[in-house]
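> Pasted the sequence and its predicted model underneath.
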Amino acid sequence: MTSVEVHGRTKAGVLVPLYEQEGALHAIFTRRHSKLRSHAGEISFPGGRRDKADADLLSTALREAEEEIGLPRDDVHVLGALCPTPTVATNFGVYPFVGLIEPGREWTLSPREVDEVLELRLCDLRAAGNRRRLLHRGIPFRSVVYDVSEAAVIWGATARIVADLLARVDPRLDGGSG
């Protein structure tokens, strides 16, 4: 197996949990707690920095998903990895892993880390994708974004992970009209 490295001083693993329900694939996202030091209130996948006790970044992603949303690692069937991506502002190298889970879960949120869980259909994400100008910390830039709703805009590293996922999933499988 070939290892892919990405720029970023701190390595992080994230889980991209997917489930199928009524013919549509859904992805699980979190809205980060509004009082976090970095990426507060942003939509992301469950995950975080690698701990010394983690065997690898997949272990990190599974541990973090369990801590953040109460998803037991044994309930995740890991399908593979997506391309790692860097974060610009916080200098993380983010390694995403895709896992299949059963639908209809009850989530147990970490009150210090997560404000809410969003379960979004891949076909809706595909339809919501566009490229636009954003302003972050006073700096304008153009980026791929997913305008899921007025209150839910996916951008940055998470949007790049979503774009990679959508490029790999046939639209006929994600619940879209294809």
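Yep, it's here.
> May I ask which helix or strand of the protein has the lowest mean pLDDT?
When each helix and strand of the chain is scored by mean pLDDT, DSSP states H and E, strand 129-136 comes last, with a mean of 73.
> The next helix or strand after that strand pairs with which strands, parallel or anti?
The helix or strand immediately downstream of strand 129-136 is strand 139-149, counting by DSSP states H and E. Sheet pairing of strand 139-149 (DSSP bridges) gives strand 129-136 (antiparallel), strand 152-154 (antiparallel).
> Name the residues of strand 139-149 that are buried.
Within strand 139-149, the residues that qualify as buried are 145, 146, 148, counting by 16 or more other CB atoms under 10 Å. In this view, the C-beta of every residue, glycine as well, is placed from N, C-alpha and C.
> what does that strand contact?
43, 118, 120, 124-125, 128-134, 153-156, 159-160, 162-163 (CB atoms under 8 Å, 6 or more residues apart in numbering).
> buried subset of those?
43, 120, 124-125, 128-129, 153-156, 159-160, 162-163.
> The residue sitting nearest the centre point of the chain: what's it in contact with?
Nearest residue to the geometric centre of the chain (CA atoms, centre = their mean): residue 45, 2.7 Å. Residue 45 makes contacts with 14, 15, 16, 17, 27, 28, 29, 30, 96, 158, 161, as judged by CB under 8 Å, 6+ apart.
> Would you reformat these as TSV and include distance to residue 53?
Putting these into TSV (distance: CB to CB, whole Å) gives the following:
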residue	distance to residue 53
14	18
15	17
16	23
17	22
27	28
28	24
29	26
30	22
96	21
158	26
161	25
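> Can you tell me which of the residues you listed end up in helices?
158, 161 (DSSP state H).
> Using neighbour counts, trim the contacts of residue 45 to the buried set.
Members of the contacts of residue 45 classed as buried by 16+ other CB under 10 Å are 14, 15, 16, 17, 27, 28, 29, 30, 96, 158, 161.
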